[in-house]
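K.L.:
Sequence below, structure please.
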Amino acid sequence: MRRLLVLSLAFAWALSLPAPAQLAGGDIMFIGYRGDGSPGDVDAGDGFAFAVLAPIPDGEVIYFTESRYTGGAFLQSEGDLTWTNTTGGVVPFGQIVIVETGSQSKGATPVANVGSVAFVGTLTWSLSQSNEEIYAYQGDIKAPTTWLAALLTDGNSTENQPPAEVISFLVDFHPTEPDADLGMYQGPGCTAKAACIADILDVASNWVLEEENGADCCDANGVDYPGDFLGALPVEWAGFDVRLSNTEARLSWSTHSETANAGFVIEHRYQSSSFVDVGFVTGAGTTDQPQTYAFQVADLVPGLHAFRLRQIDLDGTVRYSETVEVEVPTSSRLALAPVYPNPFETEATLTFAVAEDADVRLALYDVLGREVHVVFEGRVPAGESRSIRIGGHALRPGTYFARLTDSRGGVAVRSVISG
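P.N.:
Take a look at the predicted model:
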């Protein structure tokens, strides 16, 4: 019986210990702050926002305090709260978490757009309009084991001496706008933790800061908190490659994680022409798991071909990948690429190339073999190509054939469908 009692007490003591830290410094970064609520109300809207720069497992807890840190410890003067991932899954890279705290002393209840938040401890949480700070960490109330991030609205305060472990992840308003009561990151989107941190720390270039002296919501510089956040950082790219197989370009790309990713438009550029859309691949939506994708573009004419991806969020936000290129060698005297788009209604593009100097003629024929439209007629130098647009208004709906010929009897044919 005594042994059982000892084991039971040891188990209860173990349950009371704080959970071991799962995150590292910079895995979250502050990207928003608002402490400008009107006196007399619950300061609705006051709070902060952070970007997730590493996947956060379900059930993970992060502590936040607005107490100052000096002499190696927090001053026991201001409040604390916890944010917990209660989504039932992993919160992925790029997710923006907006925490609305209000003032605890005025009866506010904190809320978050992702996960859940709660006031903890015996001290009162109430963000002010000057000399404010927020520290994020894991561990226990005012007892950090892992520092994650920090934000200072007045970094010059002698009462704030942030520990060395958090300096590399510290957003400081002071050099740009001391005591700003609203701050929003409005910099570029980013796809990797280190790059995101560097952009977020550049307060002078990538933030909008305002000091409104008690106004309920700041809009002097044209920002609306939190509505003007760029949204989640959608895709963490892992790679984009193109390989040539005969005259077919085989594109492949992968991502480390995705947030609200609708998909990828594949864009193609031939020689010095403009990019055109040649396909679409649906994205994985929101996931913290690696994803791989592939797409093929067949029957490329000789010459230099460039490809890029236009990644689209579910809200319509667009970002571009790097551009990759492939060179198709000349293997025949005449080359006629597939018509794109095909079928078409308003406009399509015909592209052809020649290996030798040639007088060529490109024309459209109906299914009875009658010529209905001359697309191009003239001399083309060796190794050059032409891309020519045709309008659907000039053709009745139906099937046609594009026929490319030269003076030596060479022929290349493609089908064209007008809708």
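
K.L.:
quick one: low-confidence ranges for the stretch 201-350 of the chain?
P.N.:
Within the stretch 201-350 of the chain, the stretches with pLDDT under 70 are 212-224, 227-234, 236, 330-332.

K.L.:
ok, now with 90
P.N.:
Scanning the stretch 201-350 of the chain for pLDDT under 90 picks out 205-241, 244-248, 254-261, 268-278, 285-290, 298-306, 310-350.

K.L.:
Show the residue spans covered by the strands in it.
P.N.:
Taking DSSP state E, counting those that start in this stretch as the criterion, the stretch 201-350 of the chain carries its strands at 207-210, 235-245, 248-270, 276-287, 291-297, 303-313, 318-320, 324-328, 334-336, 347-354.

K.L.:
May I see the buried residues of the longest one?
P.N.:
Going by neighbour count (16 or more other Cβ atoms under 10 Å), the buried part of strand 248-270 is 249, 251, 253, 255-270. The way it works is simple: take the backbone N, C-alpha and C, and place the C-beta from them, glycine included.

K.L.:
Does anything pack onto that strand? Which helices or strands?
P.N.:
For strand 248-270, the packing partners by 3 or more Cβ pairs under 8 Å, 6 or more residues apart in numbering; DSSP states H and E come out as strand 235-245, strand 276-287, strand 291-297, strand 303-313.

K.L.:
Out of those strands, which is closest to Gly121?
P.N.:
Closest of the helices and strands packed on strand 248-270 to Gly121 is strand 276-287, at 33.0 Å (criterion: Cβ to Cβ).

K.L.:
contacts for the closest one?
P.N.:
Outside strand 276-287, the residues that touch it by Cβ atoms under 8 Å, 6 or more residues apart in numbering are 92, 235, 255, 257-269, 291, 293, 295, 297, 310-312, 314, 340, 349.

K.L.:
So Cys196 lies in a strand, does it not?
P.N.:
No - counting by DSSP: H, G, I helix; E, B strand; the rest coil, Cys196 falls outside a strand, being helix.

K.L.:
Kindly check the end-to-end length of stretch 104-116 for me.
P.N.:
Separation of the first and last residues of stretch 104-116 by Cα to Cα, to the nearest Å is 16 Å.

K.L.:
quick one: average pLDDT of it?
P.N.:
For stretch 104-116, mean pLDDT is 86.

K.L.:
what distance separates it from the middle of the whole chain?
P.N.:
Taking Cα atoms, centre = their mean, to the nearest Å, one finds stretch 104-116 lying 27 Å from the centre of the chain it belongs to.

K.L.:
So which bits of that stretch are buried?
P.N.:
Residues of stretch 104-116 classed as buried: 104, 108, 110, 112, 114-115 (neighbour count, 16+ other Cβ under 10 Å).

K.L.:
cool, and stretch 286-294?
P.N.:
Under the neighbour-count criterion of 16+ other Cβ under 10 Å, stretch 286-294 has 286-288, 291, 293 buried.

K.L.:
from those, which is closest to Val354?
P.N.:
Tyr293 (34.4 Å).

K.L.:
For the closest one, give its distance to Ile197.
P.N.:
Taking Cβ to Cβ, to the nearest Å as the measure, Tyr293 falls 27 Å from Ile197.

K.L.:
Could you do Val99 as well?
P.N.:
Between Val99 and Ile197 the computed distance is 20 Å (Cβ to Cβ).

K.L.:
coming back round to it: tell me which of the helices and strands packed on strand 248-270 is the most buried.
P.N.:
For the helices and strands packed on strand 248-270, average neighbour numbers computed from mean count of other Cβ atoms under 10 Å are highest in strand 303-313, which has a mean of 20.

K.L.:
what angle sits between that one and strand 347-354?
P.N.:
On the basis of axes from the mean of the first three to the mean of the last three Cα atoms, to 10 degrees, strand 303-313 is oriented at 150 degrees to strand 347-354.

K.L.:
what lines up beside strand 303-313 in the sheet?
P.N.:
Here strand 303-313 is paired, per DSSP bridges, with strand 248-270 (antiparallel), strand 318-320 (antiparallel), strand 324-328 (antiparallel).

K.L.:
quick one, which of the ones you listed is nearest to Gly378?
P.N.:
The nearest among those, by Cβ to Cβ, is strand 248-270 at 18.8 Å.

K.L.:
CA-only coordinates of that closest one in PDB, if you can.
P.N.:
The C-alpha coordinates for strand 248-270 follow below in PDB (Å, rounded to 0.1, in the frame of the first residue of the first chain):
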ATOM      1  CA  GLU A 248       8.400  17.500 -74.100                       C
ATOM      2  CA  ALA A 249       9.100  19.700 -71.000                       C
ATOM      3  CA  ARG A 250       8.600  17.800 -67.800                       C
ATOM      4  CA  LEU A 251       8.000  20.200 -64.900                       C
ATOM      5  CA  SER A 252       8.200  19.200 -61.300                       C
ATOM      6  CA  TRP A 253       8.000  21.100 -58.000                       C
ATOM      7  CA  SER A 254       7.500  20.600 -54.400                       C
ATOM      8  CA  THR A 255       6.500  22.400 -51.200                       C
ATOM      9  CA  HIS A 256       7.300  22.000 -47.500                       C
ATOM     10  CA  SER A 257       4.000  23.300 -46.300                       C
ATOM     11  CA  GLU A 258       0.900  25.100 -47.700                       C
ATOM     12  CA  THR A 259      -1.700  27.400 -46.300                       C
ATOM     13  CA  ALA A 260      -5.000  28.100 -48.200                       C
ATOM     14  CA  ASN A 261      -3.300  27.200 -51.500                       C
ATOM     15  CA  ALA A 262      -5.900  27.000 -54.300                       C
ATOM     16  CA  GLY A 263      -3.300  25.900 -56.800                       C
ATOM     17  CA  PHE A 264      -0.700  26.700 -59.500                       C
ATOM     18  CA  VAL A 265      -1.100  28.200 -62.900                       C
ATOM     19  CA  ILE A 266       1.700  27.000 -65.200                       C
ATOM     20  CA  GLU A 267       3.000  29.900 -67.400                       C
ATOM     21  CA  HIS A 268       5.100  29.400 -70.600                       C
ATOM     22  CA  ARG A 269       7.200  31.800 -72.500                       C
ATOM     23  CA  TYR A 270       8.800  31.000 -75.900                       C
END
